[in-house]
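Colleague: predicted model and sequence below, questions to follow.
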Amino acid sequence: DAGVIQSPRHEVTEMGQEVTLRCKPISGHNSLFWYRQTMMRGLELLIYFNNNVPIDDSGMPEDRFSAKMPNASFSTLKIQPSEPRDSAVYFCASSLDSGRANEQFFGPGTRLTVL
Amino acid sequence: AQSVTQLGSHVSVSEGALVLLRCNYSSSVPPYLFWYVQYPNQGLQLLLKYTTGATLVKGINGFEAEFKKSETSFHLTKPSAHMSDAAEYFCAVRKETSYDKVIFGPGTSLSVIP
């Protein structure tokens, strides 16, 4: 298996522009997580899907952020409009929800820089 | 609510020396506990986890951790540090109300000095 795939790996954009981050989870996994990592705040869970349904989006910082999971093999995280304080590494992770505490498999991340 | 604390945001050890990374958690139910490692410019990967049973858990790359309920701790150790162990280490606890969500600690950056 190729693991969790994220694209792009690096994104540089200007303030006010729309940014879309993409994630393909591991085939067969039914839980998907979006995290943001910064030096100041560490690793933050933004949103969590189970069977393509958003379960907990309490970590989404504000309305400028939105996430979708139209099917089991694809998810997007969109920022519109982007701001410099959104600069961070965004990770997608997936796991198999079988009623036990299962390992989360992380993608390589997308490094976002908003100028 | 659960929380995870990691004592020491930065730890430096000499190559060949003992590695000890501390983790304490709070949970009102028997916890599931994890250690993840993040190498530079990579995502996190699981080192080891405790669910039930034996309290000494062995993981990859020679790491192990011991669950001590009385101390609410899950410290990570490795007898002899290698240069390749330099990374960020995260302790995590399963969220009580969800089998999937975990609460991550702030992380400890490990440096290995030649």
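Modeller: Sure thing, it's come through.
Colleague: okay, which residue is most central for chain A?
Modeller: With distances taken as C-alpha atoms, centre = their mean, residue A:34 lies nearest the centre of chain A, 3.0 Å away.
Colleague: and chain A, which residues reach chain B?
Modeller: Within chain A, the positions adjacent to chain B are A:4, A:31, A:33, A:42-43, A:45, A:48, A:50, A:55-56, A:91, A:93, A:95, A:97, A:99-109 by C-beta under 8 Å from any C-beta of the partner chain. From N, CA and C alone the C-beta is placed, and that goes for glycine too.
Colleague: quick one: residue A:94 and residue A:4 touch, right?
Modeller: Yes: applying C-beta atoms under 8 Å, one finds residue A:94 in contact with residue A:4, separated by 5.5 Å.
Colleague: looking at the two, which is more packed in?
Modeller: Using other C-beta atoms under 10 Å in any protein chain shown, the more surrounded residue of residue A:94 and residue A:4 is residue A:94, with 28 against 23.
Colleague: which residues are in contact with that one?
Modeller: Residues near residue A:94 by C-beta atoms under 8 Å, 6 or more residues apart in numbering or on different chains: A:4, A:25-26, A:29, A:31-33, A:104-105.
Colleague: secondary structure element for it?
Modeller: Following DSSP states H and E, the helix or strand that holds residue A:94 is strand A:88-95.
Colleague: so what strands line up beside the following helix or strand past that strand?
Modeller: Beyond strand A:88-95 in the direction of the C-terminus, DSSP H and E gives the next helix or strand as strand A:105-106. Its sheet considered, strand A:105-106 pairs with strand A:88-95 (antiparallel) by DSSP bridges.
Colleague: chain B versus residue A:29, what's the distance?
Modeller: Per C-beta to the nearest C-beta, to the nearest Å, residue A:29 is found 10 Å from chain B.
Colleague: beta-bridge partners for the nearest residue to that residue once chain neighbours are set aside, please?
Modeller: Using C-beta to C-beta, 6 or more residues apart in numbering or on different chains and skipping residues adjacent in sequence, the residue nearest residue A:29 is residue A:94, 3.9 Å away. Counting by DSSP bridges, residue A:94 forms beta bridges with residue A:32, residue A:105.
Colleague: ok, residue B:77 next?
Modeller: Bridge pairing for residue B:77 - DSSP bridges - gives residue B:20, residue B:64.
Colleague: assign a three-state SS to residue B:84, would you?
Modeller: Under DSSP: H, G, I helix; E, B strand; the rest coil, residue B:84 falls in the helix class.
Colleague: name all residues that make contact with it.
Modeller: Contact analysis of residue B:84 by C-beta under 8 Å, 6+ apart lists residue B:61.
Colleague: and if you look at residue A:85?
Modeller: Counted by C-beta under 8 Å, 6+ apart, residue A:85 has contacts residue A:114.
Colleague: still on that earlier bit, out of the contacts of residue A:94, who's nearest chain B?
Modeller: The closest of those to chain B turns out to be residue A:31 (C-beta to the nearest C-beta; 4.7 Å).
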